[in-house]
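Trainee: can you look at this prediction? I've put the sequence above it.
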Amino acid sequence: ANKKIAVLVGSLRKDSFNRKIAEAVQSLASANLELEFLEIGNLVYYNEDLDHGNPPQEWTAFRTKIKEADGVLFFTPEYNRGTTAVLKNAIDVASRPYGQNSLAGKPGAVVSVSISALGGFGANHHLRQSMVFVDVLMMQQPEAYIGNAQSLFDDQGNVVEDTKQFLKTFIDAYEQWVNKF
Ligand code: FNR
């Protein structure tokens, strides 16, 4: 069975390490997982007023994409020991209007990617905290804290072998997780 997975990257930077790692994961995923990147930089800040009447078209399209997905995969940088505003905003948009949380019940997973040796632990768990409330069932193991991101690519921009192997283990475990739902 083919599973469609929505991929949210919490960095808007052109040369984002999170995006590069996400693309590596996409290429390592088995043919049964279809990873689709959803762009979140165009979602205006969540404001409940905008959900009374006609919500922004970008919100509606994004919510529909999330609803259609069989799972959600997050890649988050760490900004000041938390996830990024752009990613938190996307989660807020997806979770509303009240009673129409498009994320509810989906199997999720998170990879945090940082240039620090700590691997974005703070951001990873900050995101997991919100997942409890929006009812995304997060894969627990393996945890994915990718540190020293600037040193994980060779001259051709490919992910170095040991990280690649870890990412393969991670995405295969996520496939099994998704198949439980
Ligand atoms: C950072 N960075 C950072 N790194 C970290 O490990 N812990 C942190 O708390 C922070 N805080 C932080 C705040 C702000 C505002 C910025 C812009 C950056 C550094 C961060 O890991 C680095 O910029 C990564 O390259 C961001 O990920 P992308 O954009 O490469 O995907």
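Mentor: Received it, and whenever you're ready, just let me know what you need. No experiment lies behind these values; they were computed from the predicted model shown.
Trainee: what about stretch 73-89, average pLDDT?
Mentor: Stretch 73-89 shows a mean pLDDT of 98.
Trainee: the ligand contacts on this protein?
Mentor: Those residues of the chain that sit near the ligand, judged by CB under 6 Å from any ligand atom, are 11, 13, 16-18, 77-81, 113-116, 118, 120. Every C-beta, even on glycine, is put in place using the N, C-alpha and C of the backbone.
Trainee: which among those residues count as buried?
Mentor: Buried members of those, counted by 16 or more other CB atoms under 10 Å: S11, S16, F17, N18, P77, E78, Y79, V113, S114, G120.
Trainee: which other residues reach stretch 131-139?
Mentor: Residues outside stretch 131-139 that contact it (CB atoms under 8 Å, 6 or more residues apart in numbering) are 72, 91, 94-95, 101, 103-110, 128, 173-174, 177, 181.
Trainee: and it, how far out from the chain's middle?
Mentor: Taking CA atoms, centre = their mean, to the nearest Å, one finds stretch 131-139 lying 12 Å from the centre of the chain it belongs to.
Trainee: hey, where'd the helices end up in this structure?
Mentor: Assigned by DSSP state H, the chain shows helices spanning 17-28, 57-68, 85-94, 121-133, 161-179.
Trainee: in the second one, what counts as buried?
Mentor: Neighbour counts using 16+ other CB under 10 Å place W59, F62, R63, K65, I66 of helix 57-68 among the buried residues.
Trainee: for stretch 136-152, same thing?
Mentor: Neighbour counts over stretch 136-152 (16+ other CB under 10 Å) mark V136, L137, M138, M139, E143, A144, Y145, I146, G147, A149, L152 as buried.
Trainee: now these as TSV including pLDDT?
Mentor: TSV is the format used below for those (pLDDT from 0 to 100):
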residue	pLDDT
V136	98
L137	98
M138	98
M139	98
E143	98
A144	98
Y145	98
I146	98
G147	98
A149	97
L152	97
